[in-house]
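1. Quick one, what's the 3D model for this:
(one chain, ligands or ions: 2)
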Amino acid sequence: MTKAPMRVAVTGAAGQIGYALLFRIASGEMLGKDQPVILQLLEIPDEKAQKALKGVMMELEDCAFPLLAGMSAHGDPNTAFKDIDAALLVGARPRGPGMERRDLLSANAQIFTAQGKALNAVAKRDVRVLVVGNPANTNAYIAMKSAPDLPKKNFTAMLRLDHNRGLSQIAAKLGKPVASIEKFCVWGNHSPTMYADYRFATIEGKSVKDLINDDDWNRNIFLPTVGKRGAAIIEARGLSSAASAANAAIDHMHDWFLGTNGRWVTMGIPSDGSYGIPEDIMFGVPVTCDAGAYKRVEGLPIDAFSQRCIDKTLAELMEEQDGVKHLL
Ligand SMILES: NC(=O)c1ccc[n+]([C@@H]2O[C@H](COP(=O)([O-])OP(=O)(O)OC[C@H]3O[C@@H](n4cnc5c(N)ncnc54)[C@H](O)[C@@H]3O)[C@@H](O)[C@H]2O)c1
Ligand SMILES: O=C(O)C[C@H](O)C(=O)O
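-> Ligands and ions are numbered 1, 2, ... in the order given. Model prediction:
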């Protein structure tokens with residue numbers, strides 16, 4: 001029997017990530033090859049942006065995707081988010097060369113207050129929200145705090161790009177396929193302070209840490225490479241990552257809705273106090289997903305080096321979240 005369509009809102013739909021994202025959602029890569037979708041697309045209420053959005057919609061139409069059951073263009077989150085099952089909050093200013101993601105906070109924070117309020121007012125009560133726009137963790141925190149009638153667990157931030165970047169670096173170092181790596185994770189903020197952690201990772205049952213057996217590589221090559229990859233891409237492309245970011249968003253939502261079969265992935269989720277992270281801080285942690293819900297991997301041992309790394313990224317997040325108190 002054909003499934004009822006799911007309503008998916010994407011903001012910043014005429015931007016570069018939007019362009020790499022929408023066609024894959026409409027082809028079924030995010031929610032499944034048997035799941036029809038209705039796209040509710042939000043752009044700023046500006047003639048040029050709305051015209052560009054219309055152009056993207058014309059192209060979506062021209063793909064004749066069998067799973068695309070409808071789409072609409074919006075300039076107001078209160079209509080874009082009506083009855084949605086999923087929201088991908090991408091629309092925000094990207095950083096340029098020489099900027100850190102937190103430099104975007106003042107430009108982007110207000111977007112997420114307004115969008116959190118709109119989600120609170122009109123989205124389905126079990127809507128699953130992924131924040132991609134930077135600084136993603138703090139924007140997700142703002143959206144969550146601006147939507148007090150929705151469960152906090154519905155709000156997540158994207159750490160999956162960092163997770164995927166880490167997997168590829170490990171695979172290249174060991175000459176093994178990425179798919180063979182299990183139990184890798186990234187802790188904390190989507191920023192250079194993130195802590196990409198392969199202490200628990202295995203390949204074909206063997207410890208990745210033992211296979212690499214090089215603390216110097218971990219500290220001086222691996223961590224800075226993963227942490228500064230976004231800046232390296234801006235430097236090379238003159239624009240921030242788009243296709244890899246869209247791919248990570250697809251992975252994040254796919255796994256949240258459809259499950260991971262016990263595999264670990266990284267999601268930025270509101271803390272419940274585990275690992276000493278204060279409640280509600282939007283923090284990257286290892287999770288498994290099943291039946292539309294994520295579950296934090298609990299009880300992992302944290303050694304002294306890891307604790308220092310976690311404390312550093314936590315301090316940055318607390319500072320960012322303190323800086324937006326006045327908006328909440
Ligand atoms: N979390 C991650 O891993 C990750 C990765 C890559 C990029 N990003 C971030 O994603 C965001 C978007 O990046 P991009 O490259 O697509 O940028 P872009 O400038 O190409 O597109 C952003 C789009 O958002 C729209 N927009 C701005 N404010 C909006 C609002 N209030 N409502 C709806 N739409 C709005 C703009 O008109 C524009 O079309 C940036 O903040 C970027 O830093 C995050
Ligand atoms: O680095 C950026 O500003 C874009 C994005 O967050 C990334 O990690 O590629």
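2. how many other residues sit next to residue 258?
-> 16 (other C-beta atoms under 10 Å). From N, CA and C alone the C-beta is placed, and that goes for glycine too.
3. do the one 3 residues further on as well
-> Other residues within reach of residue 261, judged by other C-beta under 10 Å, total 9.
4. Three-state assignment for it, please.
-> coil (DSSP: H, G, I helix; E, B strand; the rest coil).
5. Equivalent analysis for residue 209, please.
-> Residue 209 ends up helix, using three-state DSSP.
6. contacting residues around it?
-> Taking C-beta atoms under 8 Å, 6 or more residues apart in numbering, we find residue 209 in contact with 198, 199, 201.
7. tell me the contacts of the first one?
-> For residue 198, the residues meeting the contact criterion (C-beta under 8 Å, 6+ apart) are 166, 170, 184, 208, 209, 212, 218, 222.
8. Can stretch 131-143 be said to contact ligand 1?
-> Yes - contact between stretch 131-143 and ligand 1, assessed by C-beta under 6 Å from any ligand atom, occurs at 132, 133, 134, 136.
9. helix or strand for the second one, which one?
-> Element membership of residue 133, judged by DSSP states H and E, is empty: it is in no helix or strand.
10. residues near the residue in the stretch 201-328 of the chain positioned nearest to ligand 2, how many?
-> Nearest residue of the stretch 201-328 of the chain to ligand 2, counting by C-beta to the nearest ligand atom: residue 230, 2.2 Å away. Other residues within reach of residue 230, judged by other C-beta under 10 Å, total 24.
11. which residues of the stretch 1-150 of the chain score low on pLDDT?
-> 1 (pLDDT under 70).
12. Flag every residue of it that's near ligand 1.
-> Near ligand 1, when you scan the stretch 1-150 of the chain using C-beta under 6 Å from any ligand atom, you find 11-12, 14-18, 42-44, 49, 90-95, 111, 132-134, 136.
13. returning to that earlier point: got TSV for the contacts of residue 198, with distance to ligand 1 and pLDDT too?
-> Formatted as TSV, the contacts of residue 198 follow (distance: C-beta to the nearest ligand atom, whole Å; pLDDT from 0 to 100):
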residue	distance to ligand 1	pLDDT
166	13	98
170	19	98
184	17	98
208	23	98
209	25	98
212	25	98
218	22	98
222	18	98
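14. Of these, which is the most crowded?
-> That'd be residue 166 among these, by other C-beta under 10 Å, with 27 neighbours.
15. Can you tell me the element it falls in?
-> Using DSSP H and E, the element containing residue 166 is helix 160-174.
16. how far is that helix from where the chain is centred?
-> 16 Å (C-alpha atoms, centre = their mean, to the nearest Å).
17. Check which helices and strands that helix sits against.
-> strand 181-182, strand 185-187, strand 195-197, helix 208-212, helix 223-227, helix 229-237, helix 243-258, strand 265-270 (3 or more C-beta pairs under 8 Å, 6 or more residues apart in numbering; DSSP states H and E).
18. Out of these, which gets nearest to residue 25?
-> Closest to residue 25 of the helices and strands packed on helix 160-174 is helix 243-258 (C-beta to C-beta; 7.2 Å).
19. can you tell me if that closest one touches ligand 1.
-> Yes - using C-beta under 6 Å from any ligand atom, helix 243-258 reaches ligand 1 at residue 245.
20. sorry, back to before: which pair in the residues of stretch 131-143 next to ligand 1 spans the largest distance?
-> 132 and 134 (8.0 Å).
21. Residue 20: neighbouring residues, count only.
-> Residue 20, neighbours per other C-beta under 10 Å, totals 18.
22. secondary structure element for it?
-> helix 16-26.
23. now check that helix, is it near ligand 2?
-> No - applying C-beta under 6 Å from any ligand atom, one finds helix 16-26 separated from ligand 2 by no less than 9.3 Å.
24. Now the element after that helix, going C-ward?
-> Immediately after helix 16-26, counting by DSSP H and E, sits strand 37-42.
25. Spell out which residues of the stretch 51-200 of the chain are next to ligand 2.
-> 94, 95, 101, 134, 161.
26. Which one (most neighbours) among the residues you listed?
-> Ranking those using other C-beta under 10 Å puts residue 134 first, with 28 neighbours.
27. quick one: contacts for residue 255?
-> 265, 289.
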